[in-house]
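Novice: The sequence and its predicted three-dimensional model are supplied below.
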Amino acid sequence: MQVDDHAEELASDLGVDKEEVKRDLQNLLQYSVPIEEAKQSVRRKHGGGSSGSAAPSTKDVAEITPESGNVTVTARVLTVGRRSIRYQGEERVIREGELADPTGKISYTAWQDFGFEPGDSITVGNASVREWDGEPELNLGESTSVAMESDPVEVEYPVGGDSTLLDLEPGDRGRNVEVRVLEVERRTIDGRDGETEILSGVVADGTARLPFTDWNPHDEVTEGADLRLEGVYVREFRGVPSVNLSEFTTVTPLSEPVDVRESAPRLSVAEAVGSGGMFDVELVGNVLEVRDGSGLIERCPECGRVIQNGQCRSHGAVEGEDDLRVKAIFDDGTDTVTVVLDADLTEEVYGGTLSEAKEAAREAMDKEVVTDDIAETIVGREFRVRGNLSVDEYGANLDTTEFEESDEDAAERAGELLAAVGDREVGA
Ligand SMILES: [Zn+2]
């Protein structure tokens, strides 16, 4: 339903002007207040009492759907994550996580502190159900009651939120991980209260590596530190899960070093692309073609984008800065991906520096000589590549961190593959 429809429904229920109701609703929605909560708030403002819908029904977790209305459910608290949001102009701490019973688990958002902790068994009375990302989610608001149960609710899910990095999925909250900080960088961003400092980088454990952001820099987060992070949440960043630390995250140095996975999981291109994006993955395949925009390129000095004819899409006419890059089509017989090599890796495959590339282009009076040279070196040969894969509407791109000729019988596999490609008539 659109805001307009909600406003219409509310206005007719409450017998007040629709435009006024719509203004109130929009005002709340711009602060990310969920629609059901916003409607209740507007109802109260106009003297309409609580949600007005029928009495809550008692349900098992597995029975709850986005259409369940208001429900009462007895469940075990799995996780409690805290997050601060701005609500009607004020900072407000909400609690989010998962509840479970023997039939399943469900996410919740609590708009006030009901005092429950992970492991508690509780009966949540009169929670509204909303839809979030296609799934039902419990909304614990002012009209919700929470009662502690003395008999524990038995569940098959781990209580407390301890996770490995590999297990984390976008949308997870209140998770705890034990990691080593591999890379960290301090950055200044434009936050909602003006310029603010954050930390970003890479963390690893024995199962995976993931990017992280610390929105409220903790002193303990330094390169090489082994840390237990309690109360992180997970977002999607360029197609991969990213670990987020907030002011509510507890950071504790560990006395034992964290076992860090050194190698990346090796997948077929089809598997990797099918996963929707991976932070660190290894692929083995052949370079079919070096794409346009490879070799000696120019970047906008303002934003770093590759520019054409001295024109940046965002900044207009600029004095371009020379750089080296390779964008190559990479195929392992299951699917293709564009591998992107940065200046350092490009210098390696080119066998020369940026200034040597510029000199060669000047002599030939043609930048293409650099691209041709690179293509001669890598097209038709087999490589082991490692990097961060993102998949979006423009295709699959691997931001490459390692690019090495494969020592697995390269010539033979390349021959087979190029023959297969010839049959498929993939043009250059
Ligand atoms: Zn620019």
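Specialist: Thanks, I have it. Note that this is a predicted model, so its numbers are computed, not measured.

Novice: Give the bridge partners for L341, please.
Specialist: V326 (DSSP bridges).

Novice: Could you chop the protein up by domain?
Specialist: Under the assignment automatic domain parsing, the domains of the chain span 3-45, 57-148, 165-253, 269-424.

Novice: Of the ones you listed, which is nearest the ion?
Specialist: The ion lies closest to domain 269-424 among the domains of the chain, at 3.1 Å (CB to the ion). All C-beta spots, glycine's among them, are computed from the backbone N, C-alpha and C.

Novice: any chance of the domains of the chain in a markdown table, plus mean neighbour count and mean pLDDT?
Specialist: Formatted as a markdown table, the domains of the chain follow (neighbours: other CB atoms under 10 Å; pLDDT from 0 to 100):
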| stretch | mean neighbour count | mean pLDDT |
| --- | --- | --- |
| domain 3-45 | 16 | 77 |
| domain 57-148 | 18 | 92 |
| domain 165-253 | 17 | 92 |
| domain 269-424 | 17 | 90 |
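
Novice: Make TSV out of those and add distance to the ion.
Specialist: Formatted as TSV, those follow (distance: least, CB to the ion, whole Å):
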stretch	distance to the ion
domain 3-45	30
domain 57-148	32
domain 165-253	17
domain 269-424	3
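
Novice: So for V159, which of the ones you listed sits nearest?
Specialist: Minimum separation from V159 across those (CB to CB) falls at domain 57-148, 5.0 Å.

Novice: ends of the closest one, how far apart?
Specialist: 19 Å (CA to CA, to the nearest Å).

Novice: hmm, back to that, want to try JSON lines for the domains of the chain, with distance to P158 as columns?
Specialist: As requested, the domains of the chain are arranged in JSON lines below (distance: least, CB to CB, whole Å):
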{"stretch": "domain 3-45", "distance to P158": "27"}
{"stretch": "domain 57-148", "distance to P158": "7"}
{"stretch": "domain 165-253", "distance to P158": "10"}
{"stretch": "domain 269-424", "distance to P158": "23"}
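
Novice: Of all these, which one comes closest to D259?
Specialist: That would be domain 165-253 among these, by CB to CB, at 4.4 Å.

Novice: I figured V3 was touching D24, is that so?
Specialist: No. At 10.7 Å, V3 does not count as touching D24 under the criterion of CB atoms under 8 Å.

Novice: quick revisit: closest one to V155 among the domains of the chain?
Specialist: domain 57-148 (4.2 Å).

Novice: and that closest one, how far out from the chain's middle?
Specialist: Distance, stretch centre to chain centre, for domain 57-148: 23 Å (CA atoms, centre = their mean, to the nearest Å).

Novice: Where does V273 fall, secondary structure wise?
Specialist: helix 269-274 (DSSP states H and E).

Novice: how far away is Y350 from M365?
Specialist: Using CB to CB, to the nearest Å, Y350 is found at 19 Å from M365.

Novice: what does stretch 208-220 contact?
Specialist: With CB atoms under 8 Å, 6 or more residues apart in numbering as the test, stretch 208-220 has contacts from 164-166, 168, 182, 186, 197-204, 221, 227, 237, 240-247, 249, 251-253, 261, 264-265, 279-280.

Novice: Please disregard the earlier target; I meant stretch 233-244.
Specialist: Contacts for stretch 233-244 (CB under 8 Å, 6+ apart): 81, 83, 96, 165, 168-175, 177, 179, 203, 210-215, 229, 232, 246, 276-279, 388-392.

Novice: Can you classify V339 as helix, strand or coil?
Specialist: Counting by DSSP: H, G, I helix; E, B strand; the rest coil, the backbone at V339 sits in strand.
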